[in-house]
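Trainee: Quick one: sequence and predicted model below, then my questions.
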Amino acid sequence: MNKKKKPFLGMPAPLGYVPGLGRGATGFTTRSDIGPARDANDPVDDRHAPPGKRTVGDQMKKNQAADDDDEDLNDTNYDEFNGYAGSLFSSGPYEKDDEEADAIYAALDKRMDERRKERRNREYRMERPKIQQQFSDLKRKLAEVTEEEWLSIPEVGDARNKRQRNPRYEKLTPVPDSFFAKHLQTGENHTSVDPRQTQFGGLNTPYPGLMTPGTGELDMRKIGQARNTLMDMRLSQVSDSVSGQTVVDPKGYLTDLNSMIPTHGGDINDIKKARLLLKSVRETNPHHPPAWIASARLEEVTGKLQVARNLIMKGTEMCPSEDVWLEAARLQPGDTAKAVVAQAVRHLPQSVRIYIRAAELETDIRAKKRVLRKALEHVPNSVRLWKAAVELEEPEDARIMLSRAVECCPTSVELWLALARLETYENARKVLNKARENIPTDRHIWITAAKLEEANGNTQMVEKIIDRAITSLRANGVEINREQWIQDAEECDRAGSVATCQAVMRAVIGIGIEEEDRKHTWMEDADSCVAHNALECARAIYAYALQVFPSKKSVWLRAAYFEKNHGTRESLEALLQRAVAHCPKAEVLWLMGAKSKWLAGDVPAARSILALAFQANPNSEEIWLAAVKLESENDEYERARRLLAKARSSAPTARVFMKSVKLEWVQDNIRAAQDLCEEALRHYEDFPKLWMMKGQIEEQKEMMENAREAYNQGLKKCPHSTPLWLLLSRLEEKIGQLTRARAILEKSRLKNPKNPGLWLESVRLEYRAGLKNIANTLMAKALQECPNSGILWSEAIFLEARPQRRTKSVDALKKCEHDPHVLLAVAKLFWSQRKITKAREWFHRTVKIDSDLGDAWAFFYKFELQHGTEEQQEEVRKRCESAEPRHGELWCAVSKDIANWQKKIGDILRLVAGRIKNTF
């Protein structure tokens, strides 16, 4: 091939060209160019040099002096005006005076050059004037033009033609199919004449409208349909369905070849590499089963199923292992797979997995039985084969087979236990005894024996069997694992074997625990059993713990709460009777017993319990108030008054006085209530609830000034009481003093910093007044001061506009993940968005975290009234009654109202739910 001649060859080099400079091959100097290095004291080469020139240093000094004196001062280098061409004083120092002189000369030169520049410009413009100057004379003559001459000047028109002035965009009209059909044959050459053209003495075609024979029919409509079909097929291949929408890769969907490859995760090159590697493995080690299996699976995932089958069958010839035969059976279709398995059985008659696979391939039960029985003839000691065979049999045949199975596999616990379950009571005992003899180290046999005795009514034998089991297992060197035995007990509980479960718990509960950790560990075990719904196990743990710690009040309380939540009323009362006998000073146990009797309707029994409690705990405030509540709830008001009077004289406390005032207040004895309140405040002026009651009584009588005075006096004595500040602020707002209410809340926040309740009331005050911007500003300040207050975050969510509430709720959950107010706000948010299932889920979560929040129960009940069934409404009501909530803003507003003082929990729940409006 001839190479083109370079264009620069033969041309002269450009100015400044240095060969090799562009590629870095610059010139360099070596020692051979400048001679060897010498010291200044070395002698020169000339042996007969005169003195002063005999060393290298002398020669260098001479050369330097010659350079210094190398100035040309000849007459030929002298000019009369400029002097010598060189500087006569170049060797002298350059001082400040020289610098000033040079500056002066430079300024003079510049000034002279500017003068000459102006002259040069004038000369230039005279030679080449500007266009403006050329027409200046014509402009001056315009002053002489008259108006008529000016108007007679023609308008400048557009010299372009019509097409250039009005350009029209080219229109493209689709050509009809008939045009293509008509001109299809244009340009074809024919070397012969059609006989039909000469038949009638001319060249006219006798059948006009038909195309030349021999050509195919052209249908443009079909071509368009084919194109659309091809496009749809390509799109469906590269598309992906996401939530009902088709998403197409915009980066070249027509050229995406991944759709042409079977569904595997690799590239073509990766597949080729893998195939090559696996081939190398097979050739180097043909007796390695994983190589054959991996090769077959590679071909399977790439869509070459037949190649995979051929490979794996070759693998069965090279290394007939169990895994290769099973893989071959998996890859082959039904009947062929059976033939492969049959061949595998002939090669490996002792393989259990191949027999199991053969049984799985059979569809008929009888064929499965036949295969498994044939397998048991070859492998009689396989537990897996026996279990598979027994599962296919009827109970009687299964019992016979199990009798044979335990003979062939005497160490299989599962087979022994299965046989015992199928036998009668007497035979089962014999079977279990034989099992213990063959397997003396397994606990399940002993536990099954205990369950067997319990099922047949011999509960007294259960304890003995479990004790003997522990002793026997220890004697055989078995370590007693406490956790495993507790799990077995829980399984017995779920199976209904209560006596066995309790016996196991009593036997192992104290194993492996330090004495000081017993109580703590046992309480944790009881909670774990309750969580696993093993209630009898928990009851057994509590019973054992109470035997060990009979005087521990906390254990009795845990047991009592367990019976209250999961037991019956009779079991609770029996436990409480034992509890007060062992812990007579525990007031809460007496009160639980009395309440249980009262809820059951047995008021005299409740009174007798409280009387016994008085004897054990004289002058106990809790018992006095419980007795008063019992009488007042049963409309025994005079008896309640006498009890309160006796309590005030024998055990005077602030709560006793408060209950006395409330009793008179609810009975509408306002005068008596006020007198009692004044008396109580003389003794307990730092008890804020008394000041609140005094102010509320005055407020009820419409004595606003007296109420304000009572609240102010109370705040002087109790400046840190948030409810007092709120009552005073609401009083001022109620009578229209909004500014004073705002000032009171600001003062309260100064005295009680970081108080979310006061901040919340300030925000709501501005919101109720219609000042939403100020409310939002206050809320931002509140969240800065109390960033982890759930009640503030819950209010902030609904202060936002609807589109921003979701974002705000996410922020609230990040700050207060487990706060019930935030969870309740999220549930309400889902409720407002009509996401019923999510709202119900969040309501459940809220009441689970804090069952004492009455507002959560009220909103939950209101939600179920609107969106739930009657069963769901009833379930919420019952759960609320059992939880007995006492807190919550809306809840307390209803429950502490004097008009509702005798309402039950269910009635209060309905009242609060009725007050809730869906305005969020």
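Mentor: Okay, I see it. Numbers count the residues shown, from 1 in each chain.

Trainee: C-alpha only now, for contacts and for neighbours.
Mentor: Fine.

Trainee: Identify each buried residue in stretch 371-389, please.
Mentor: 371-373, 375-376, 379-383, 385-387, 389 (16 or more other CA atoms under 10 Å).

Trainee: could you dump it to CSV, C-alpha only?
Mentor: Taking C-alpha atoms only, stretch 371-389 is exported to CSV below (Å, rounded to 0.1, in the frame of the first residue of the first chain):
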residue,chain,number,x,y,z
VAL,A,371,-41.3,-47.7,46.9
LEU,A,372,-40.8,-47.0,50.6
ARG,A,373,-41.3,-50.6,51.7
LYS,A,374,-38.7,-51.6,49.1
ALA,A,375,-36.4,-49.0,50.5
LEU,A,376,-36.9,-50.3,54.0
GLU,A,377,-35.8,-53.7,52.8
HIS,A,378,-32.5,-52.3,51.8
VAL,A,379,-32.1,-49.6,54.5
PRO,A,380,-34.0,-50.9,57.6
ASN,A,381,-32.2,-48.6,60.0
SER,A,382,-33.2,-45.3,58.4
VAL,A,383,-35.5,-43.2,60.7
ARG,A,384,-36.4,-40.9,57.8
LEU,A,385,-37.7,-43.8,55.7
TRP,A,386,-39.7,-45.2,58.6
LYS,A,387,-41.3,-41.8,59.3
ALA,A,388,-42.2,-41.3,55.6
ALA,A,389,-43.7,-44.8,55.4
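
Trainee: contacts for the strand or helix carrying L557?
Mentor: Using DSSP states H and E, L557 sits within helix 553-566. Outside helix 553-566, the residues that touch it by CA atoms under 8 Å, 6 or more residues apart in numbering are 535, 539, 542, 545-546, 549, 569, 571-572, 575-576, 579, 583, 586, 589.

Trainee: So which of the buried residues of stretch 371-389 belong to helices?
Mentor: Among these, the members found in helices (DSSP state H) are V371, L372, R373, A375, L376, V383, L385, W386, K387, A389.

Trainee: how close does E766 get to L760?
Mentor: When CA to CA, to the nearest Å is the yardstick, E766 and L760 sit 10 Å from each other.

Trainee: Overlap in contacts, the two.
Mentor: By CA under 8 Å, 6+ apart, E766 and L760 have no common neighbours.

Trainee: List the buried residues of the top helix by length along the chain.
Mentor: Taking DSSP H as the criterion, the chain has its longest helix at helix 96-127. By neighbour count on 16+ other CA under 10 Å, the buried set for helix 96-127 is empty.

Trainee: can you pull out the strands in this structure?
Mentor: 78-79, 83-84, 239-242, 245-248 (DSSP state E).

Trainee: which residues touch E664?
Mentor: Contacts here follow CA under 8 Å, 6+ apart; on that basis E664 touches I670, A672, A673.

Trainee: Closest one of those to S280?
Mentor: Using CA to CA, A673 comes nearest to S280 of the contacts of E664, at 101.9 Å.

Trainee: thinking the closest one is in contact with M658, fair?
Mentor: No. The pair A673 / M658 is not scored as a contact, 9.6 Å apart, by CA atoms under 8 Å.

Trainee: which one of these two has more residues nearby?
Mentor: For A673 and M658, the more surrounded residue by other CA atoms under 10 Å is A673, and the numbers stand at 23 against 19.

Trainee: Give me the pLDDT for the more buried one.
Mentor: pLDDT recorded at A673 is 85.

Trainee: likewise the one 3 residues further on?
Mentor: Confidence at L676, expressed as pLDDT, is 84.

Trainee: What are the boundaries of the helices in the stretch 301-450 of the chain?
Mentor: If DSSP state H, counting those that start in this stretch is used as the criterion, the helices of the stretch 301-450 of the chain fall at 305-318, 322-331, 334-347, 352-361, 365-378, 383-391, 395-408, 413-422, 425-438, 443-455.

Trainee: re the thing from before, can you tell me which two in the contacts of helix 553-566 are farthest apart?
Mentor: Pairwise distances across the contacts of helix 553-566 (CA to CA) peak at 25.7 Å, for the pair L535 and A586.

Trainee: residues in contact with A856?
Mentor: L824, F843, T846, V847.

Trainee: So which of those belong to helices?
Mentor: Counting by DSSP H, the part of the contacts of A856 found in helices is L824, F843, T846, V847.

Trainee: quick one: S789 from E463, how far?
Mentor: 55 Å.

Trainee: er, G736 actually
Mentor: From G736 across to E463, the span is 77 Å (CA to CA).

Trainee: of those two, who's got more company?
Mentor: Legend: neighbour count by other CA under 10 Å for G736 and E463, higher for E463 (18 against 11).

Trainee: Could you find the closest non-adjacent residue to C583?
Mentor: Residue nearest to C583 in three dimensions, not counting chain neighbours: S551, with 5.9 Å by CA to CA, 6 or more residues apart in numbering.

Trainee: State the phi and psi torsions of that neighbour.
Mentor: In terms of degrees, to the nearest 10, the main-chain angles of S551 are phi -110, psi 10.

Trainee: ok, residues contacting stretch 745-757?
Mentor: Counting by CA under 8 Å, 6+ apart, 719-720, 722, 725-726, 729, 758-759, 761-762, 782, 785-786, 789, 791-792 sit against stretch 745-757.

Trainee: Nearest to H520 among the residues you listed?
Mentor: Nearest to H520 out of those is S789 (CA to CA; 33.2 Å).

Trainee: Hmm, that closest one is touching K814, no?
Mentor: No. Using CA under 8 Å, S789 makes no contact with K814, being 11.8 Å away.

Trainee: which one of those two has more residues nearby?
Mentor: S789 (21 against 11).

Trainee: Let me see the contact set for the more buried one.
Mentor: Counting by CA under 8 Å, 6+ apart, S789 has contacts P756, L783, C816.

Trainee: Would you enumerate the residues in contact with the nearest residue to the second one once chain neighbours are set aside?
Mentor: Computed as CA to CA, 6+ apart, the closest residue to L783 that is not its neighbour in sequence is L792, at 7.0 Å. For L792, the set of contacting residues under the criterion of CA under 8 Å, 6+ apart consists of P756, W759, L760, M779, A782, L783.

Trainee: And those, which of them are buried?
Mentor: P756, W759, L760, M779, A782, L783.

Trainee: Okay, the first one and L778: tell me how far apart.
Mentor: Relative to L778, P756 is positioned 12 Å away (criterion: CA to CA).

Trainee: ok, so of the contacts of helix 553-566, who is nearest A654?
Mentor: Using CA to CA, the contacts of helix 553-566 come closest to A654 at A586, 21.7 Å.
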